[in-house]
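> All I have is the shape, not the residue letters:
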C-alpha cells in the first residue's frame, strides 16, 4: 500500500510539472509589449516575434524586418511605383509581357514624407498596439520630357498631384506581423477600362544591412501569400473606395525598371475619383509552436493548483 501511494504521488507530481513546463514557454510566446521609437526618419518596432524598421525619408516607403530570435537574414519590401496599365485580356491581373504601361510609371518620392507621431493602446501599463502614418503629396507627370522611353499609349493630359498615406499598425494579438494601409487619393485616370498597379520589390540581405540587394531565398506564392524563407507578404483580395469593394489581383516577376529582387504587382480595378484604401500584411512565420491565450493559460494554472492540492491530501492519508 505504501508503495502504491508513493507511485500515485510521483505520477501526480509528474503531471503537475509537465503542465507547468508546457504553460511557461507558451505564456512567454504571447509577447509582453510593443517597443517603438522614431529617429532620423525611421520608425523602429519590436515584439518578441518580429523586429521592424519603416523608412519614409530619403527613399520610397521601405519596410525592413527580421526575426529577433534568429537574426541571420533581413527582409526588405519597398513600395516603389504606381502606374496605369491596359488589361489586355480583361482578367484583372497585370502581366508585364502583354499588358502595356500607360504613360511613365509614377516613381514614389524619396523625400517629403511626413510622420504623424505614434498613437498607442495600453493595457495595465503594457503597450499592446502602436499606430502611425507616413504621408506625402507629389506631382506626377505621365509624359516626362527627355526620358527617351517609348511607353506607348501616352495620355494627353497635364501633370497632377497624388496623395499617398502609409498607415502602419502593430498589435500584440498578432505579434509576428505588421499590417499597413495604403491610401491613394487624386489619381487621374486616362482610360475608364484600365487598371492601377502598385509595384513592390522584395529583397533580402545579411542581418544589419540597410538595403536589400539579394534575391529573396525560396520566393514562392501560396494562395494570397508570397513567402521567402521565414518572411512573407500577404495581400487581401479586396480593397475599398468610398465604401465600395474592389477586386485586387496579384502577379509577380521582373521589375518595371532596374529594381533588384522580385517584384510583386497588385492590380486594382478602376475606382474613379474616389480614394483607394488597401491593407496588405508583412510578417515572420512563427517558430514558437502552439500559442495559448490568457484564458487557457489560467485554466492550466488552475489545473496545476488542483493537482498539487490532491498531492497534499494523498500525502496526509
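Thanks, I have it. Predicted model only: the values in this text are computed from it and were never measured.
> List the beta-bridge partners for the most centrally placed residue in the chain.
Geometric centre of the chain, nearest residue: residue 282, 2.0 Å, by C-alpha atoms, centre = their mean. Residue 282 has these beta-bridge partners by DSSP bridges: residue 178, residue 233.
> and if you look at residue 81?
Bridge pairing for residue 81 - DSSP bridges - gives residue 107, residue 199.
> Return the per-residue confidence for it.
Per-residue confidence (pLDDT) for residue 81: 94.
> got the contact list for it?
105, 106, 107, 108, 198, 199, 256, 257 (C-beta atoms under 8 Å, 6 or more residues apart in numbering). Yep, even glycine has a C-beta here, placed from its N, CA and C like the rest.
> Of those residues, which is the nearest to residue 235?
Checking those against residue 235 with C-beta to C-beta, the nearest one is residue 198 at 9.9 Å.
> quick one: what helix or strand has the closest residue in space to that closest one that isn't next to it in sequence in it?
Nearest non-adjacent residue to residue 198, counting by C-beta to C-beta, 6 or more residues apart in numbering: residue 266, 4.7 Å away. When elements are assigned from DSSP states H and E, residue 266 belongs to strand 262-268.
> and if you look at residue 74?
Take DSSP H and E as the rule and residue 74 turns out to sit in strand 73-85.
> in that strand, what counts as buried?
Residues of strand 73-85 classed as buried: 73-85 (neighbour count, 16 or more other C-beta atoms under 10 Å).
> swap in stretch 188-204?
189, 194, 195, 196, 197, 198, 199, 200, 201, 202, 203, 204.
> Now do the contacts for the fifth one.
Contacts of residue 197 were listed using C-beta under 8 Å, 6+ apart, and they are 82, 83, 84, 85, 94, 265, 266, 267, 268.
> farthest-separated two in those?
Checked with C-beta to C-beta, those reach their widest spread between 84 and 266, with 13.6 Å between them.
> Low-confidence stretches in the stretch 101-250 of the chain?
Residue ranges of the stretch 101-250 of the chain with pLDDT under 70: 144-156.
> let's see it at 90
103-104, 109-112, 141-158, 210-213, 243 (pLDDT under 90).
> which residues in it form strands?
101-107, 114-115, 119-123, 126-140, 160-171, 177-185, 195-206, 220-222, 225-228, 231-234, 238-241, 244-253 (DSSP state E, counting those that start in this stretch).
> how about the ones you listed, which one is nearest residue 275?
Of the strands of the stretch 101-250 of the chain, nearest to residue 275 by C-beta to C-beta is strand 177-185, at 4.4 Å.
> now the closest one and strand 262-268, what's the angle there?
Taking axes from the mean of the first three to the mean of the last three C-alpha atoms, to 10 degrees, one finds strand 177-185 and strand 262-268 inclined to each other by 50 degrees.
> So what's the residue count around the closest residue to residue 225 other than its chain neighbours?
In space, residue 225 comes closest to residue 234 once its chain neighbours are excluded; the distance is 4.5 Å by C-beta to C-beta, 6+ apart. Neighbour count of residue 234, defined by other C-beta atoms under 10 Å: 16.
> Ok, residue 161 next?
With other C-beta under 10 Å as criterion, residue 161 counts 11.
> Kindly provide the distance from it to residue 181.
20 Å (C-beta to C-beta, to the nearest Å).
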